[in-house]
Each structure stands twice: as structure tokens, then as C-alpha cells.
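Q: The sequence isn't on hand, but the structure is:
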């Protein structure tokens, strides 16, 4: 497909572009599920899996990624407000009917129910946050305050392995590494549990609330807090290895090649050495970012609240290019390897694709309906509008 690239303004070697005049993408195929959808689709093994908020009738769907053909649908008898969690052979969804709450495993090929876990303890449910697959385990949170662990495989693993009850404080998403389940809490602690038993192996604290998911690399847990700190803890012992002062941290760091890249509420992007916490560089933006950065080759790419897509040299922090989105980023950027591009949701009604090397706009998808965040799916980008229309774009 032909691309019309915007002419950029070259300022001191930095390309500054604007997405306003980008052309529309080509729609490869389109299908309407006739159900309201607000959560992004998930792709696996040639299929797209989608959930709907409608409380009656089908609300979990599988669509062929090459053609848009509906493969199967499943009705949970309760609205699903979060994306499905997709494993190798199973799809995991949570829904509730009144004070009864369900976590289900659905066969990815057939749409048949494999197992179901049911809770009857109001008012907490497991349908407010997507379940997490990590380290061969499935984790579900009840309104963010308690953590449940399951083995996802097998015919009927409806009995949970263990539960971390918490103390009423919200928990971050868990990360599994080295036999530990690690997460932060609103009670000012970082917890590391034994993945098999759920026993607490260690706790760490900085004295502030944690809302950012931890990132783990080379035996170091990197996590930021709401007191303006970025900390490194030893994964095995919980020992505090280093601490760096920054702005409040809301989202997970991204780690590559021994460097942690962190965005903070003080409008900055930080690059820190994972081993010793040494600050390698800091870049100040016009506003803060509410989504984690991504890496595209040697670039760190961040979308900030000023409506800018910013690309920085990963080694030096130097600005390489910046693009005005003409709107607020509503999703984390995703790298589209097939086109060497970055895609993201802009405001409620648009998806943009931008050349990862230059920041120039490739296309802009606009709709009067609310659109989900995009999902990169090989050579296509999949999006869904609020009326249940699934579009595959290129």
C-alpha cells in the first residue's frame, strides 16, 4: 500500500512532524459482531479473541485473523468489561452475576468450557482486572485487593493453589521470576511470594504507595513509588540495592540491555543502570506520560499527555524525533515490526501509525465511534469500534 509521508521540519538534527494530514489506512477486512466492545482484542495462533459488555447473549468471540470469519462465540451470562487473557490453548475470562463471580477457562479452538471457578463472597469480584499468565501460572485479583493463583492447564483445575488476602490495599499486577511472584501494594510494601505455595518470602518498602507494576531483570526488581523514588531490590533476598529520586512513578519500567527506562510525573524519562541504579540520562518532556515507554531498535518511544510522540536515543537520551498527535494518547504505543512503525490510540476515536525511524505519519484511522486500543497482529493492526465492528488495517 502506498504511504503519504508528511514533510518534517528539521531543527538541529531533530525531526518535528505533525499527524494532522495523514491519509486513511486500507481496511483489509471488516466484520460486525453486533455486540458492544470496549476492550482491545487479543491475538494468538491465527485468531482474535474479544469480549463484550453485553450481559445476555454471546460476549466472548473468536475471529479468524486472516479473514474476519467468526469462529465461535460463548455466553458467560454476565458482562465482561476487561480483555480476555489468552494462553496457548485456553482463553480465560472473568464475569459476575449479582454476588456470584466466575473465572472460566474456554477452549481456544472450540469455544467450549473447560473449567470454572466460582466465588460467592460479595462485594469483591474478579472481573475488574484482567487475569495474568506468568511463569506457567494464572493469577486473578479480586477488585485489586487479593491475589489468587491457579494452574491454568488440566481438565478441571477449579481449586485455587493459594490466596494472598492482602489487607484491603490495592495490589499492582504480579510478575513471576526465579520462583517468586512479585508485586507492589498500596500498603507501602513490595511483596515476593513463593510461586508454588504463596508464602511470603520477603517484603521491601520505601515508605510510599506502589501503583506501578515491577519490572525484573538480572535478579533485580525495579519499581517506582508515589513518593518520587525508583528502587532496585534483590530478587532473592529483598535487600535494597539502590534508590534514585525522581517524580512519582505510575507505570512499569521497561528494561533492555541492562538499562531500565522509567517515565515519571515530573515530565521526565529516566535511564538507570539496573545493577547499581546509576542514572545514565534524563530527558524532560512538556508533560508526563501515563503509559510505559516502548523500545524500537535503539529508540525509546514515549507518548505524553501534551499529545506528543517522542523518540529518544536509548544510549544517550538525545531527542531523535517528535510528532504532534493532535490529540491525547489513550493507549500505550505498540511497535509494528512488519512496517517498522509505532501505533497507538489518540483520543477516543482515532488510531495513528507512525514511522519508527522518523516519526512521520503513515496513516490515521478515524471513526465517530469509540475505538479500542490497537493490537498489532503480524502485517495488520486490529481495532474494534464500540458497536462491535472489527477492522483489520494496513
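A: Sure thing, it's come through. Predicted, not measured: the structure shown is a model, and the values here were computed from it.

Q: Give me the phi and psi for residue 54.
A: phi -70, psi 130 (degrees, to the nearest 10).

Q: Report the separation between the closest residue to residue 178 other than its chain neighbours and residue 229.
A: Of all residues not flanking residue 178 in the chain, residue 235 sits nearest, at 5.4 Å (Cβ to Cβ, 6 or more residues apart in numbering). (C-beta placed from N, C-alpha, C; glycine too.) Distance of residue 235 to residue 229, computed by Cβ to Cβ, to the nearest Å: 18 Å.

Q: Check residue 336 too.
A: Counting by Cβ to Cβ, the gap from residue 336 to residue 229 is 34 Å.

Q: Those two - which one has more neighbours?
A: Remark: of residue 336 and residue 229, residue 336 carries more neighbours, 23 against 19, as counted by other Cβ atoms under 10 Å.

Q: residue contacts, the more buried one?
A: Listed by Cβ atoms under 8 Å, 6 or more residues apart in numbering, the contact set of residue 336 reads 342, 343, 353, 356, 376, 381.

Q: What's opposite it in the beta bridge?
A: Residue 336 has the following beta-bridge partners by DSSP bridges: residue 341.

Q: do the same with residue 309
A: Bridge pairing for residue 309 - DSSP bridges - gives residue 303, residue 323.

Q: Just give the number of residues close to it.
A: Neighbourhood size, residue 309 [other Cβ under 10 Å]: 24.

Q: Adjust the sequence numbering to begin at 31 for everything that follows.
A: Got it, the first residue is 31 from now on, which makes the last one we talked about residue 339.

Q: dump the residue contacts of it.
A: Contacts of residue 339 by Cβ under 8 Å, 6+ apart are 331, 332, 333, 352, 353, 355, 359, 363, 372, 374, 384, 389.

Q: Residue 216 now?
A: 199, 200, 201, 239, 240, 241.

Q: Give me the nearest residue to it, chain neighbours excluded.
A: Residue 216 sits nearest to residue 199 (Cβ to Cβ, 6+ apart), 3.5 Å away.

Q: okay but residue 276 is in contact with residue 300, surely?
A: Yes. With contact defined as Cβ atoms under 8 Å, residue 276 counts as touching residue 300 (5.7 Å).

Q: which neighbours do those two share?
A: 260, 292, 294.

Q: From residue 144, how far out is the last one?
A: Yep, that's residue 294 we're talking about. With distances taken as Cβ to Cβ, residue 294 is found 42 Å from residue 144.

Q: shaky segments in the stretch 81-230 of the chain?
A: 151-158, 173-174, 184-189 (pLDDT under 70).

Q: show me what contacts the residue nearest to residue 130 when sequence neighbours are not counted?
A: In space, and not counting its chain neighbours, residue 130 is closest to residue 150: 5.6 Å by Cβ to Cβ, 6+ apart. Contact analysis of residue 150 by Cβ under 8 Å, 6+ apart lists 129, 130, 131.

Q: Apply 10 Å and report the result again.
A: By Cβ atoms under 10 Å, 6 or more residues apart in numbering, the contact set of residue 150 is 128, 129, 130, 131.

Q: With residue 74 instead?
A: 92, 95, 114, 116, 117, 118, 119, 121, 138, 407.

Q: Compare the shared contacts of residue 276 and residue 300 and tell me which is most surrounded.
A: residue 292 (27 neighbours).

Q: where's it, which helix or strand?
A: Element membership for residue 292, per DSSP states H and E: strand 289-293.

Q: Just confirm residue 220 contacts residue 244, I think it does.
A: Yes. Using Cβ atoms under 10 Å, residue 220 is in contact with residue 244, at 6.9 Å.

Q: which residues do the two both contact?
A: Joint contacts of residue 220 and residue 244 (Cβ under 10 Å, 6+ apart) are 202, 212, 213, 214, 251, 253, 261, 263.

Q: Redo those residues as TSV? Include secondary structure.
A: TSV is the format used below for those (DSSP: H, G, I helix; E, B strand; the rest coil):
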residue	secondary structure
202	coil
212	strand
213	strand
214	strand
251	strand
253	strand
261	strand
263	strand
